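[1] just coords:
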């Protein structure tokens, strides 16, 4: 039924202008705005929808993962841009990169409190 459908994901934020600034200027994504909604332009051509919600509650799970080829360099660059990495356990290094079981990954939040990650390809 949906094999040919170009599905897309979306999540809410509490302040669209702050979200636009973060995703465009801090993360360097191309961001569009139409009808009061943001579109995060990512590789592959299908945008991610970001919408305002007055009673927004941040997601308690990762809403967006960014695969990167060099997680350490990316983490350092994000820290230089003001990003703070989350701490979820003892198996994270000084940059916040999880080095336990599974892939190398580091989590951070957008200004609305939604969890994002960088993950080593």
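    It's in. Quick caveat: nothing in here was measured; it's all calculated off a predicted structure.
[2] Which parts of the protein are strands?
    10-13, 30-34, 37-41, 48-52, 62-68, 105-109, 115-120 (DSSP state E).
[3] Between those strands, which one is closest to residue 75.
    The closest of these to residue 75 is strand 105-109. By CB to CB, the value is 5.4 Å. Where you see a C-beta, it was placed from the backbone N, CA and C, and this is true even at glycine.
[4] Give me the buried positions along the closest one.
    For strand 105-109, the neighbour count (16 or more other CB atoms under 10 Å) marks 105, 106, 107, 108, 109 as buried.
[5] Can you name the residues that contact residue 70?
    With contacts taken as CB atoms under 8 Å, 6 or more residues apart in numbering, residue 70 has the following neighbours: residue 120.
[6] pLDDT value on it, please?
    What the model reports for residue 70 is a pLDDT of 97.
[7] Now do it against residue 2, distance only.
    To residue 2, residue 70 is 35 Å away according to CB to CB, to the nearest Å.
[8] How about residue 32?
    Residue 32 is 24 Å from residue 2, by CB to CB.
[9] Same drill for these two, tell me which one is more crowded.
    Each of residue 32 and residue 2 had its neighbours counted (other CB atoms under 10 Å), and the higher figure belongs to residue 32 (12 against 6).
[10] can I assume the more buried one is in contact with residue 48?
    No: shown here, residue 32 and residue 48 do not form a contact pair, counting by CB atoms under 8 Å, at 10.8 Å.
[11] Now the common contact residues for those two.
    residue 39.
[12] dump the residue contacts of residue 92.
    The neighbours of residue 92, taking CB under 8 Å, 6+ apart as the test, are 85, 98, 99, 106.
[13] Now the buried members of those.
    By neighbour count, with 16+ other CB under 10 Å, the contacts of residue 92 hold 85, 98, 106 as buried.
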